[in-house]
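Asker: Dropping the sequence and predicted coords here.
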Amino acid sequence: MKKHLITSALPYVNGLPHLGHLIGCLLPSDVFARYLRSRGEEVLYICGTDEHGTPSEVGAAKENMSVEDYCKKYHDLHVQMYQGFNLSFDYFGRTSSQQNEEIVYRIYNELEQNGYIAEKVTKQVYSSDDKRYLPDSYVMGTCPHCGYEKAKGDQCENCTKVLDPTDLIQPRSVISGSDKLEIRETKHLFLQLPKLEKELADWVETRKGIWPDIAYSIAKKWLKEGLQERGITRDLKWGFSVPKEGFEGKVFYVWFDAPIGYIGITKQWADERPSERSFEDWWLNPDNVVHTEFMGKDNIPFHTITFPATLRGTGENWTQVSMLKGMNYLNFAGGKFSKSLHRGIFLDDAIKEFPADYWRYWLIANAPESDDSNFGFEQFAMTINKDLNDVLGNFINRVLKMTTNNFGQQIPVLSQITSEEEELYETLDTLIRQYSSYMDNLDLRKAMATLREIWVSGNNYIARTEPWKVVKTDTDRAATILNTALNLIRLYANLSAPIMPQTAKQMLDLFEISQDISFPDSRMSSYLTGLKAGTAFKLSEPLFKKIMPDRVTELKAIYKEEA
RNA sequence: CGCGGGGUAGAGCAGUCCGGUAGCUUGUCAGGCUCAUAACCUGAAGGUCGUGAGGUUCAAAUCCCACCCCCGCAACCA
């Protein structure tokens, strides 16, 4: 059996993550990791903060900290928030780690030896007041086409024309506002993507029908337009220094070392227990590892083209991505979430308002898979109230109470199975097959619709069999129905656990025996008799609380969601 | 003529690849039930599938053509 390597795109360390980051890659990858573990698969789930680059340097300067301290501070905040949402990383590392540096140098040296690295002199904007080179988007000025005064050096937001920093009238630094800019010539290293194009195109072709359309078509687009050589170094201080003569004072570009970070972070994980773990087992073992990557759509080119090309160029037999899930964007009140404007719902606020599982369920059930989707508190409340509270929560509550009132707090005896139960088994066997097939294919919204149907089938069963009536005339029959219904709670816990780990645990904890999460691998006819008669259970508060209309109004005001 | 995604009941979406009486959730209305959290179960109404009295076809949401609208991306923004 192949083992599963799962990676989530690495969130940039600068600033705090919001719901868009959560649904873009972190949460779906966690759900998939938990799902595979529940099926007994061997899983290594890796993530971490992406730390190098200009935004970190600028952010640190703003907060008057060293870049090292700044990154550490925000890395820790990320960790704290992801714990709050129960993300089950096997390791959450950092791209600035010494292990990542080792891997970056190893890969760079191999690329160099194989002739995939070239030197090239480029022109860069240098700001003498900031004492640094400026990336194109850090240069601001008046657009020569439309006169917009806040055009950036890569593109004018107003007229959308693509610009070069030298096109701008009255250019100035975004960081300091200084206009003391000059164009300097500077030497950089470039990865020769064109040399790898043919090989890459053949490989991408084999991914047709396996990757989602959005990923395949973006990769094809780049290949169709022809790959260009790509700079992999920058004139910055914060990063891994370039180990080559004449490149002193320069560092590798963040987009070169960030994806390599998946490997570097795996090595961080392995180095904790070197006697039993090795990163080679996962990253230099393509025949035995299935690698699934999760990312937002903006990241797709880097995961389908540049990173695979980088690995291929080394000549080593790296584990390549097999499955790839690219997500569209989650919008808020019709617009984008924004870190810089603090627009939207950030994770620290989200967790204060509602339990993590509310967010996890809503986000997965409404994941932006085929198109950008929108977050709104009204929709959120509706889904939580209906699906979680009414359908699932109420089912558990009615079954527990009815049983308690008639048989006490223990599972009653299962006697004669009837056609009602057989019909239920059959319905569930079909739905569970469907559910697992959607999960295997990472069709998250469809999987959630099916999970909901599975919950509904329990209410349906109770409505058809009417145990509250039957108990007056036929105690054995009522006991059988409630025994089955209580077993459904255990089923629901195990099926829902990848999405709602905390709630699932609460559900299993109702029964006073220790149980681990595991996906039902047998048919319902035997699975739904798994909890034995006589097993004690607890009564608890309802698992979910409704979100009332006045609360929705309040939330919309606090988070500035326009109607 | 830059590229990609999307435009299907009030809202949110599936169906489009491989043409064949338009489906799901929510909301609305009616009925059932009264074990449970004003919950649950069943049924009904609601759509000329962005536009084109466009093309192909016995048949188009689905294939072809033209156009319109929304969102995202455009390699130095992660």
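Answerer: Here it is on my side, so go on.
Asker: contacting residues around stretch A:4-11?
Answerer: A:17, A:21, A:24-26, A:28-30, A:32-33, A:36, A:41-50, A:78, A:95, A:258, A:261-262, A:282-283, A:289-296, A:299, A:303, A:319 (Cβ atoms under 8 Å, 6 or more residues apart in numbering). Where you see a C-beta, it was placed from the backbone N, CA and C, and this is true even at glycine.
Asker: Any stretches of the stretch 301-450 of chain A with poor pLDDT?
Answerer: Counting by pLDDT under 70, the stretch 301-450 of chain A has low-confidence residues at A:334.
Asker: now the strands: where do they sit in it?
Answerer: Assigned by DSSP state E, counting those that start in this stretch, the stretch 301-450 of chain A shows strands spanning A:321-327, A:330-332, A:335-336, A:373-375.
Asker: Check whether the last one comes into contact with RNA strand B.
Answerer: This means strand A:373-375. Yes. Applying Cβ under 7 Å from any atom of the strand, one finds strand A:373-375 touching RNA strand B at A:Ser373, A:Asn374.
Asker: That strand pairs with which strands, parallel or anti?
Answerer: strand A:330-332 (parallel) (DSSP bridges).
Asker: Quick check: residues of the stretch 301-450 of chain A near RNA strand B?
Answerer: Residues of the stretch 301-450 of chain A lying near RNA strand B (Cβ under 7 Å from any atom of the strand): A:301-302, A:305, A:328-329, A:331, A:335-336, A:339, A:366, A:369-374, A:379, A:382, A:386, A:389-391, A:393-398, A:401-402, A:405, A:445-446, A:449.
Asker: hmm, which of those residues are the buried ones?
Answerer: Buried subset of those (neighbour count, 16 or more other Cβ atoms under 10 Å): A:302, A:305, A:328-329, A:331, A:339, A:366, A:369, A:373, A:389, A:391, A:393-398, A:402, A:445-446.
Asker: Provide the count of other residues in contact range of A:Pro520.
Answerer: Applying other Cβ atoms under 10 Å, we find 20 residues neighbouring A:Pro520.
Asker: List the contacts of the closest residue to it other than its chain neighbours.
Answerer: Leaving aside its chain neighbours, A:Pro520 sits nearest to A:Tyr527 (4.9 Å; criterion: Cβ to Cβ, 6 or more residues apart in numbering). Residues near A:Tyr527 by Cβ under 8 Å, 6+ apart: A:Asn487, A:Leu491, A:Pro520.
Asker: all helices for the stretch 101-250 of chain A, in order.
Answerer: Taking DSSP state H, counting those that start in this stretch as the test, the helices found in the stretch 101-250 of chain A are A:197-205, A:213-225.
Asker: For A:Ser457, which of these is the nearest?
Answerer: helix A:213-225 (31.9 Å; Cβ to Cβ).
Asker: Now for A:Thr49: which residues touch it?
Answerer: A:Thr49 neighbours (Cβ under 8 Å, 6+ apart): A:Leu10, A:Pro11, A:Tyr12, A:Val13, A:Cys71, A:Tyr74, A:His75, A:His78, A:Phe92, A:Gly93, A:Arg94, A:Thr95.
Asker: if you set the cut-off to 10 Å instead, what comes out?
Answerer: A:10-14, A:17, A:56, A:71-72, A:74-79, A:92-96, A:258, A:261, A:265 (Cβ atoms under 10 Å, 6 or more residues apart in numbering).
Asker: Equivalent analysis for A:Lys545, please.
Answerer: By Cβ under 10 Å, 6+ apart, the residues touching A:Lys545 are A:Phe354, A:Pro355, A:Tyr358, A:Ile384, A:Asn385, A:Leu388, A:Asn389, A:Gly393, A:Arg551.
Asker: now do A:Glu199
Answerer: Applying Cβ under 10 Å, 6+ apart, the residues near A:Glu199 are A:Pro308, A:Ala309, A:Arg312, A:Gly313.
Asker: Now intersect those with the helices, please.
Answerer: A:Pro308, A:Ala309, A:Arg312, A:Gly313 (DSSP state H).
Asker: of those, closest to RNA strand B?
Answerer: A:Ala309 (10.1 Å; Cβ to the nearest atom of the strand).
Asker: Now for the closest one, how many residues are close by?
Answerer: A:Ala309, neighbours per other Cβ under 10 Å, totals 23.
Asker: Which residue, other than its chain neighbours, is closest to it?
Answerer: The nearest residue in space to A:Ala309 (Cβ to Cβ, 6+ apart) is A:Leu196, at 4.5 Å.
Asker: from memory the one you found sits against A:Tyr116, does it?
Answerer: Yes. The criterion here is Cβ atoms under 10 Å, and A:Leu196 meets it with A:Tyr116 at 7.1 Å.
Asker: With RNA strand B as the reference, measure out to the most far-flung residue of chain A relative to its centre.
Answerer: The outermost residue of chain A relative to its centre, with distances by Cα atoms, centre = their mean, is A:Thr473 at 52.7 Å. According to Cβ to the nearest atom of the strand, to the nearest Å, A:Thr473 stands 12 Å off from RNA strand B.
Asker: Next one: that residue from A:Glu466, what distance?
Answerer: A:Thr473 is 11 Å from A:Glu466, where distance means Cβ to Cβ, to the nearest Å.
Asker: same question, A:Trp283
Answerer: Separation of A:Trp283 from A:Glu466 (Cβ to Cβ) stands at 58 Å.
Asker: Would you mind telling me which of the two has the busier surroundings?
Answerer: Neighbour totals were compared for A:Trp283 and A:Glu466, and A:Trp283 leads with 23 against 11 (other Cβ under 10 Å).
Asker: I appreciate the help and will end here.
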